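Trainee: Show me the folded form of this:
(one chain, ligands or ions: 1)
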Amino acid sequence: MTLPDFAIEAAGLVKTYPATKTTPVVEALRGIDLAVPRGAIFGLLGPNGAGKSTFINILAGLTRKTAGQVSIWGLDIDERPRDARAAIGVVGQEIAMDVFFTPRESLEVQAGLYGVPRRERRTDVLLGALGLSDKADAYVRQLSGGMKRRLMVAKAMVHNPPVLILDEPTAGVDVELRRQLWNYVVSLNALGVTVVLTTHYLEEAEQLCDTIAIVNKGSVVACEPTRQLLRRLDSRTLVVTPEAPLAAVPDLAPFEARQRPGGDLAVTFKTAQAGVEQVIAAVRAAGVGIKDLRTEDPDLEDVFVSLTYAAADASVIAI
Ligand code: ADP
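Mentor: Just a heads-up that it's a prediction; the model follows:
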């Protein structure tokens, strides 16, 4: 079989949750076009409520799409639902597992569910890869939260799928475990597994992913190689506490100046265009005395909003 160019392809994907007695209609996905290249570590980034989990749940066969097409490993989820689902392993957000099994049993049961013949099972390899060998025969209820999470990753991989999907893999997870999880993800990727992870941390996506798609309010607002995207996001803010209250916000063009509620002056600048020195000089030249100052990295919510506006302005969204 020739390998597909794209591990996942979505075209015009729409999901509308119908209204209930207590909730209005929600347009969770408003026509998503997305192609995840085979072999990528692909980040799906977006604020809470953007539609990331809805997208993942559609791929996993847990949620029905309203409209559009999706294929996984070249298999259309409507035409070949079973084969498409066999091509992905999904690690959801919730820790859901049978507490009466040991990790070894849990993996064996999962392999059984996927119809993996005994001689092809990789239980010990997976336990070892996820640092669970010495807990292989402990009850799941005795495992720490981090171990449970790693076991979920192992479970997602029992049928050796070419695509692994991790929904918020490091939410509530400590730094050490995060590093372990990432090492495993990178090693899987080196073996040829395409990885898709959702996160609302830019930093996480930045360190791990070669391509990042940003989703906001059910639409893809950017999808490009990580480096290219970071260049676009490369802005900082200099926050100045003025010596005396400002009568008006000075015009500091080409920098963007705004006054904060407490009276501080926030000046945003592109790091490719100017350094902090130049921004301070512009503030002084505008007659603002500087009592105190600090710099801030861009706030991701701001970035999403600005990208969303940029996308709305442009006639073509970069995909
Ligand atoms: P994310 O994973 O990016 O945080 P979600 O896909 O969970 O976003 O949610 C997208 C939108 O769909 C949100 O407005 C959320 O409230 C809504 N939503 C998610 N699941 C359901 C559901 N089962 N029923 C109704 N609305 C839902």
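Trainee: Give me the pLDDT for Arg284.
Mentor: On the pLDDT scale, Arg284 is placed at 95.
Trainee: oh, I was asking about Thr308
Mentor: Reported pLDDT for Thr308: 59.
Trainee: What of Asp292?
Mentor: You'll see Asp292 listed with a pLDDT of 96.
Trainee: Which phi and psi values does it adopt?
Mentor: Phi and psi for Asp292, reported as degrees, to the nearest 10, are phi -160, psi 160.
Trainee: my read: it touches Pro242, true?
Mentor: No: when contacts are counted by CB atoms under 8 Å, Asp292 is not listed as touching Pro242 (9.1 Å). Any C-beta I mention is one placed from the backbone N, CA and C, and that applies to glycine too.
Trainee: Which of these two has more residues huddled nearby?
Mentor: Higher neighbour count among Asp292 and Pro242: Pro242, with 19 against 10, using other CB atoms under 10 Å.
Trainee: Spit out the contact partners of Ile280.
Mentor: Leu238, Ile290, Leu293 (CB atoms under 8 Å, 6 or more residues apart in numbering).
Trainee: just the buried members of those?
Mentor: Buried members of the contacts of Ile280, scored by 16 or more other CB atoms under 10 Å, are Leu238, Leu293.
Trainee: for the contacts of Ile280, which one is nearest the ligand?
Mentor: Among those, Leu238 lies closest to the ligand (CB to the nearest ligand atom), at 31.4 Å.
Trainee: backbone phi and psi for that closest one, please?
Mentor: For Leu238, the backbone dihedrals are phi -100, psi 120 (criterion: degrees, to the nearest 10).
Trainee: and it, bridged to which residues?
Mentor: Under DSSP bridges, the beta-bridge partners of Leu238 are Val267, Thr295.
Trainee: what's the answer for the one 4 residues further on, then?
Mentor: On DSSP bridges, the residues paired with Pro242 through beta bridges are Ile290.
Trainee: contacting residues around it?
Mentor: By CB under 8 Å, 6+ apart, Pro242 lies in contact with Gly263, Asp264, Leu265, Val288, Gly289, Ile290, Lys291.
Trainee: Distance from the chain centre to stretch 80-92, please.
Mentor: Stretch 80-92 sits 19 Å away from the centroid of its parent chain (CA atoms, centre = their mean, to the nearest Å).
Trainee: is any part of that stretch close to the ligand?
Mentor: No: Stretch 80-92 does not reach the ligand (CB under 6 Å from any ligand atom); its nearest approach is 10.8 Å.
Trainee: sec struct for Ala257, please.
Mentor: The three-state label for Ala257, taken from DSSP: H, G, I helix; E, B strand; the rest coil, comes out as strand.
Trainee: Can you tell me which residues in the chain are near the ligand?
Mentor: Tyr17, Val26, Ala28, Gly46, Asn48, Gly49, Ala50, Gly51, Lys52, Ser53, Thr54.
Trainee: tell me the secondary structure for the third one?
Mentor: For Ala28, the secondary-structure state derived from three-state DSSP is strand.
Trainee: is it true that it touches Gly46?
Mentor: No: distance between Ala28 and Gly46: 11.5 Å, which falls outside the contact criterion (CB under 8 Å).
Trainee: secondary structure element for Val125?
Mentor: helix 123-129 (DSSP states H and E).
Trainee: helices or strands next to that helix in the packing?
Mentor: Packing contacts for helix 123-129, counted by 3 or more CB pairs under 8 Å, 6 or more residues apart in numbering; DSSP states H and E, involve helix 103-113, helix 145-156.
Trainee: Out of these, name the one with the poorest average pLDDT.
Mentor: Among the helices and strands packed on helix 123-129, helix 145-156 scores lowest, at a mean of 88.
Trainee: that older thread, wait, which of the contacts of Pro242 is closest to the ligand?
Mentor: Ranked by distance to the ligand (CB to the nearest ligand atom), the contacts of Pro242 are led by Asp264 at 31.2 Å.
Trainee: pLDDT score assigned to that closest one?
Mentor: Asp264 is assigned 95 on the pLDDT scale.
Trainee: burial measure for it, as a count.
Mentor: Asp264 has 17 neighbouring residues, counting by other CB under 10 Å.
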